[in-house]
Structure formats: C-alpha cells, structure tokens
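Student: Predicted model and sequence follow; I will ask about them next.
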Amino acid sequence: MIRIHQTLVVLTLLVGLAHSFDWDVVVGALNKLEFYNNGALVHSEDFGANLSIEELVHDVVHNRLLIADINKNQDTLIFSFNIATKELLPLVKRTLNNPFQQRIHSMAYDPVTEKLFWTDSDTISWFSLKPGFVNNIYGTTLIEFDLSTPFGIAVDSCKGYIYWAYDVDGELNTIEKVPIDGSDREIVLEVNMSSIYNLVIDQQTRKMYWTDDVPTGRDKTFSINSADLNGENRRTLYIDPERNQPRALSVSKDSIYWVPLNVDIHNIWKIPKNPTEDTKPTAVSASSWYTAAAKYNIEDQIQGIQGCESLRNLLPKIGN
C-alpha cells in the first residue's frame with residue numbers, strides 16, 4: 001500500500017511538471033490558447049468545437065484563465081481554465097432567449113474579493129469565484145446603463161474600485177469608477193470627440209492605460225494613453241502610424257501589450273510602460289489571435305508601493 005501511494009505521488013508530481021512552463025503573455029484565438037515567453041511559443045491548447053474565445057483575463061493567484069465564449073450555440077458564457085491541470089469548467093450561463101444578442105465587451109478580475117466583472121451591451125455584471133459562494137448562474141447586475149455601451153473595464157484591487165470606459169453617443173466619452181459594491185458613481189476623466197476602449201489598471205505604477213481613436217482625415221489611427229487613477233497627469237504614450245486599432249490591451253510588470261483589430265496582421269505588439277518619443281513597438285509573432293492577457297505576478301504588482309495590504313495579504317506566508 002505504501003509503494004502504491006508513493007507511486008501515485010510521483011505520478012502526480014510528474015504530471016504537474018509536464019504541465020508547467022514559463023510564459024509572459026497568452027493569446028486567445030477562437031478555439032485555441034497560445035502561450036508565449038520572450039516572443040517564442042512555448043505551449044498551446046486546442047479546445048476544438050467546445051470553445052470560441054472572445055475575451056480572457058488571468059487569475060494569477062489560482063493560475064487560471066477566465067474565458068468569455070463567443071460560441072452562441074453553447075449555453076455557457078464564461079469558463080475557467082486551470083493552466084496546470086488543463087481543467088475547463090463552466091461558470092456563467094447565457095441569459096437571453098436569443099443568445100446572438102449577448103456579447104461580452106471586456107472582463108476584469110479582482111483577486112481580493114475573488115469576483116469577475118464584465119461589460120455587455122448595457123450592464124456591468126459580476127460573478128463570485130469564492131468556494132461555496134452561491135451565485136446567480138447568469139451573473140449579478142451591478143450597474144445598468146441607459147445611454148450607451150460600457151467598453152473597457154478594470155479593477156483597482158488596492159483601493160477597491162471598478163473603472164470603465166463609457167461612450168455616450170460618440171460625443172462625450174468618459175472613464176468612470178465606483179466602489180466594488182456599486183455605490184457612489186464618479187467621473188474620473190472626460191474626453192471629447194473620441195472613443196475610449198481597452199481600459200486596464202496597473203497597481204504598481206498606480207496608473208490606468210487605454211486606447212483612443214485619433215482622427216486622420218477619412219481614416220482613424222489610435223493612441224495608447226495613460227493617466228493617474230484620479231484622471232490627472234494624462235499622457236499619450238504611443239500613436240500608431242498604421243491604423244491598426246487594438247481589440248485588446250493588457251499590462252505586465254514591464255510592458256503594455258495590444259492585439260490589433262486588423263485580422264491580416266498575425267502579430268501582437270508591446271511597448272515599455274514608460275516609452276520615449278523614439279520607442280518602437282516590438283512584435284510577438286502569434287500564429288493567430290483574438291485577445292491576449294499578460295502575466296503579472298502579485299509580487300511585481302506591489303513591489304515598492306505602500307498602502308496595498310489587500311494584495312500583499314494574498315502572498316503566501318513565509319515558512320508555510
């Protein structure tokens with residue numbers, strides 16, 4: 001019996017080692033996940049007809065990806081995928097009688113409250129991933145909108161706020177925030193005659209990053225912008241000369257990644273978080289893509305900053 005037990009332990013360890021690999025960004029491409037490290041493909045997962053990936057976010061604490069499915073023939077809207085065990089689990093079900101009307105625009109995960117937030121055509125909703133929590137299987141509505149669609153959504157886990165980009169009739173575009181309980185809605189930043197998309201928050205720099213349309217005659221290019229979390233010190237970090245507007249944006253310890261909307265470009269791109277005027281983006285040559293998420297460890301997020309005990313408390317206790 002002891003030998004059998006020891007054999008099972010060894011097999012378990014070997015399986016864990018076989019599934020472990022280093023990566024810095026994962027790309028979602030319809031039914032596939034592709035993991036890259038320093039620009040090289042290191043691992044891929046093919047889900048076949050079971051999944052069509054539209055959005056994804058990384059839960060670094062539990063080493064899992066939270067994936068929005070665009071496959072309207074499935075009754076599940078959001079899945080979780082454990083990177084180590086390869087277990088794919090359904091989380092949130094589709095709500096509408098006509099599932100073709102339901103589409104997730106953006107997702108964000110808060111490791112402190114263990115809640116997943118997302119935007120669709122006129123709401124921000126949430127779903128708890130805490131073990132034992134009894135959820136509404138369709139998610140719970142946090143905020144409903146009357147005027148227009150919320151796009152990018154991001155979480156400030158240090159302070160407990162949700163931020164989102166909001167396009168009001170194409171005339172007044174805002175970045176707004178509320179505490180995670182949904183109270184006391186506040187406008188953080190207003191931008192006239194542009195479209196804000198792909199909002200992300202970096203705890204380490206205490207900044208938000210987003211993409212913005214830049215009109216150029218008949219065409220539009222885009223810019224990547226940053227600002228403090230109170231809307232001050234706004235800065236344009238990069239203006240794209242090729243009009244390859246992003247469909248997704250993500251941030252890591254050192255870089256900002258984006259996925260171009262143009263399906264003919266089989267690259268995702270990255271620039272440093274604090275670029276100079278001469279900085280050129282670096283390509284990560286993905287075979288295919290639709291969205292992406294960068295890996296960003298909790299240790300790196302809180303390095304050198306004060307007043308973020310909520311994230312610091314998630315780190316493993318030394319000696320345990």
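Tutor: Right, received. Where do you want to start? Numbers count the residues shown, from 1 in each chain.
Student: Contact partners for the residue lying closest to residue 122 once chain neighbours are set aside?
Tutor: Using C-beta to C-beta, 6 or more residues apart in numbering and skipping residues adjacent in sequence, the residue nearest residue 122 is residue 145, 4.9 Å away. Placement of C-beta: from N, CA and C, glycine included. If you count contacts by C-beta atoms under 8 Å, 6 or more residues apart in numbering, residue 145 has them with 122-123, 166.
Student: got it, and residue 151?
Tutor: 105-106, 119, 164-167, 196-199.
Student: Helix, strand, or coil at it?
Tutor: strand (DSSP: H, G, I helix; E, B strand; the rest coil).
Student: What's the separation between it and residue 25?
Tutor: 21 Å (C-beta to C-beta, to the nearest Å).
Student: you'd agree residue 271 is up against residue 279?
Tutor: Yes. Using C-beta atoms under 8 Å, residue 271 is in contact with residue 279, at 5.7 Å.
Student: quick one: which of these two has more around it?
Tutor: For the pair residue 271 and residue 279, the greater number of neighbours falls to residue 271 (18 against 12), based on other C-beta atoms under 10 Å.
Student: Which strand or helix spans the more buried one?
Tutor: strand 268-272 (DSSP states H and E).
Student: For that strand, name the packing helices and strands.
Tutor: strand 25-29, strand 255-260, strand 282-284 (3 or more C-beta pairs under 8 Å, 6 or more residues apart in numbering; DSSP states H and E).
Student: can you pull the buried residues of that strand?
Tutor: 268-271 (16 or more other C-beta atoms under 10 Å).
Student: Stretch 133-149 too?
Tutor: 139, 142-143, 148.
Student: Most neighbours among the contacts of residue 151, which one is it?
Tutor: Of the contacts of residue 151, with other C-beta under 10 Å as the count, residue 165 tops at 28 neighbours.
Student: Which of the three states applies to it?
Tutor: strand.
Student: tell me the pLDDT at it?
Tutor: Note on residue 165: pLDDT of 87.
Student: Pull the contacting residues for it.
Tutor: Here residue 165 is in contact with 150-153, 173-175, 196-199, 210 (C-beta under 8 Å, 6+ apart).
Student: And the residues you listed, which is the shakiest by pLDDT?
Tutor: residue 196 (73).
Student: How about the contacts made by that residue?
Tutor: 151-152, 165-167, 173-175, 210-212.
Student: which residue sits closest to it in space, ignoring its chain neighbours?
Tutor: Nearest one to residue 196, counting by C-beta to C-beta, 6+ apart, is residue 165 at 4.0 Å.
Student: what's across from that neighbour in the sheet?
Tutor: Here residue 165 sits in beta bridges with residue 175, going by DSSP bridges.
Student: Residue 179 touches residue 160, doesn't it?
Tutor: Yes. Using C-beta under 8 Å, residue 179 is in contact with residue 160, at 5.9 Å.
Student: quick one, strands of the stretch 101-250 of the chain?
Tutor: 106-110, 115-119, 123-128, 140-144, 150-156, 161-168, 172-179, 186-192, 196-202, 207-216, 219-228, 235-239, 246-251 (DSSP state E, counting those that start in this stretch).
Student: Out of those, the one nearest residue 40 is which?
Tutor: strand 246-251 (18.2 Å; C-beta to C-beta).
Student: Closest to residue 60 out of the contacts of residue 165?
Tutor: Scanning those for proximity to residue 60, where the rule is C-beta to C-beta, the winner is residue 153, at 17.8 Å.
Student: check contacts around residue 34.
Tutor: Applying C-beta under 8 Å, 6+ apart, we find residue 34 in contact with 26-27, 41, 43-44, 286-289.
Student: ugh, wrong one, I meant residue 163
Tutor: 153-156, 175-177, 188, 199, 201, 208, 229.
Student: With respect to residue 112, which of these is nearest?
Tutor: Closest approach to residue 112 among these (C-beta to C-beta): residue 155, at 8.6 Å.
Student: Can you give me the neighbour number for the closest one?
Tutor: Neighbours of residue 155 (other C-beta under 10 Å): 25.
Student: picking that back up, which residues are in contact with both of residue 271 and residue 279?
Tutor: Contacts common to residue 271 and residue 279, judged by C-beta under 8 Å, 6+ apart, are residue 238.
Student: Any idea how far apart the tips of stretch 35-51 sit?
Tutor: One end of stretch 35-51 to the other measures 17 Å (C-alpha to C-alpha, to the nearest Å).
Student: Can you name the residues bridging to residue 235?
Tutor: Assigned bridge partners for residue 235, using DSSP bridges, are residue 226.
Student: so how far is residue 161 from it?
Tutor: Counting by C-beta to C-beta - residue 235 and residue 161 are separated by 21 Å.
Student: Residue 153: how many residues sit nearby?
Tutor: Residue 153, neighbours per other C-beta under 10 Å, totals 23.
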